[in-house]
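Novice: predicted model, plus sequence, below.
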Amino acid sequence: QKLDEVGNAVILPSISIPLYGTPWYYQVLAEGRITDYDISHYEGDHVVFKHKYLTEEQIYDCYKKVNQHFFSWKNISRRWMKIIFKQNKEENLFQFVLKLIMVTFIYLKLSLFQKHHAEKRIFNNKKKIFNVFFSLLRS
């Protein structure tokens, strides 16, 4: 809801990461809450620390819901319409149409890239985890 209020056209959501050298890193380290030191997981799609009040599952579910909501086709289309209708015609018709095409191309390219990222990295991650879990149960 907050993202809709702010009116962002495109976002790059990620899970907070205690980056080495930051005050937050030293605080989380001192409290013994870093759970993953694998640097390849420090890209924003993994929970690498223990939150004080939330479980890893709650953080991940929230992250997933933000991505599902923001990058649903309905919301991508709605934001595109807002962008198009906010364009002012300050040039000749050809230039205006060209501007609309370029704005559309850039917006859709960014939105589809993020949607694809979410589908491959976030939603499939959980499926893989559950598949591994259930295959271990069957063994």
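Specialist: Cool, got the structure. Numbers count the residues shown, from 1 in each chain.

Novice: phi, psi of the residue nearest to Arg121 when sequence neighbours are not counted?
Specialist: The shortest distance from Arg121 to any non-neighbouring residue, by CB to CB, 6 or more residues apart in numbering, is to Asp45 (5.1 Å). For every residue, glycine as well, the C-beta is placed using N, CA and C. For Asp45, the backbone dihedrals (degrees, to the nearest 10) come out as phi -110, psi 0.

Novice: correct me if wrong: Asp45 contacts Pro13.
Specialist: No - using CB atoms under 8 Å, Asp45 is not in contact with Pro13, being 9.6 Å away.

Novice: just for the protein, where's the confidence low?
Specialist: Judged by pLDDT under 70, the chain has its weakly predicted residues at 124-139.

Novice: nearest residue to Asn75 in space, please, no chain neighbours.
Specialist: Distance criterion CB to CB, 6+ apart; nearest residue to Asn75, sequence neighbours excluded, is His69 at 6.6 Å.

Novice: from Ala118, how far out is that neighbour?
Specialist: 11 Å (CB to CB, to the nearest Å).

Novice: Glu43 too?
Specialist: Note on Glu43: its distance to Ala118, by CB to CB, is 13 Å.

Novice: mind checking which of these two has more residues around it?
Specialist: Ala118 (20 against 12; other CB atoms under 10 Å).

Novice: having no further points to raise, I will conclude here.
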